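Trainee: sharing a model prediction with you, sequence too.
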Amino acid sequence: MSEEELIALARAAALKAYAPYSRFHVGCAIESVDGDVVTGANLENACYRLGLCAEQSALAAAQHQFGLASIARIAVAGGNPSSGELTGEATCTPCGGCRQAILEAAHLAGRDIHILSANGSGTQVERHMIMDLIPRSFGPTNLADVQD
């Protein structure tokens, strides 16, 4: 699957977001090493802290579909859906909590994960690796001293 196709799936997923409070719709598409793809969108809640990020939504779907250890690439796009199509110029990167969750998948896989961060319009893309987005991270190896 091309980068453009994966980003298009993330943009389409954003249109399915439930974001009545921020009105900022985020979509995420996750591709496995075998080419399977799952998507997710943000889900807000009046009790703000109970909301769910698009990446977390898609990570849960990925775990059920093909397992976190099989994640190869993740595309994220966010913006304004008011025209019926996702628009916006600022690129959307995973938040800190989502970076931590993606890092966990990278540790399970034993490899870095590619992150494509797109703007709402899909015209701008930043390419990152999760290890670059969350340097000096906390992961399973930090818990080695308490393992049996």
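Mentor: Cool, got the structure.

Trainee: so what's the residue minimising distance to the centre of the chain up against?
Mentor: Closest to where the C-alpha atoms of the chain average out (CA atoms, centre = their mean) is residue 55, at 3.3 Å. Neighbouring residues of residue 55 by CB atoms under 8 Å, 6 or more residues apart in numbering: 26, 28, 40, 74, 76, 94-95, 98, 101-102. For every residue, glycine as well, the C-beta is placed using N, CA and C.

Trainee: can you pull the pLDDT of residue 147?
Mentor: Note for residue 147: predicted pLDDT of 69.

Trainee: returning to that earlier point: show me which of the contacts of residue 55 are buried.
Mentor: 26, 28, 40, 74, 76, 94, 98, 101-102 (16 or more other CB atoms under 10 Å).

Trainee: quick check: of those, which lies closest to residue 119?
Mentor: residue 76 (10.4 Å; CB to CB).

Trainee: backbone torsions only: list them for the residue nearest to residue 21 when sequence neighbours are not counted.
Mentor: Spatial nearest neighbour of residue 21, excluding adjacent residues (CB to CB, 6 or more residues apart in numbering): residue 44 at 5.1 Å. Here is the backbone geometry of residue 44 (degrees, to the nearest 10): phi -90, psi 170.

Trainee: where does pLDDT dip in the chain?
Mentor: Applying pLDDT under 70 to the chain flags residues 147-148.

Trainee: would you list every one of the strands in it?
Mentor: If DSSP state E is used as the criterion, the strands of the chain fall at 25-32, 37-41, 71-79, 114-119, 125-129.

Trainee: could you say what helices and strands the fourth one packs with?
Mentor: In this case it means strand 114-119. helix 3-14, strand 71-79, strand 125-129 (3 or more CB pairs under 8 Å, 6 or more residues apart in numbering; DSSP states H and E).
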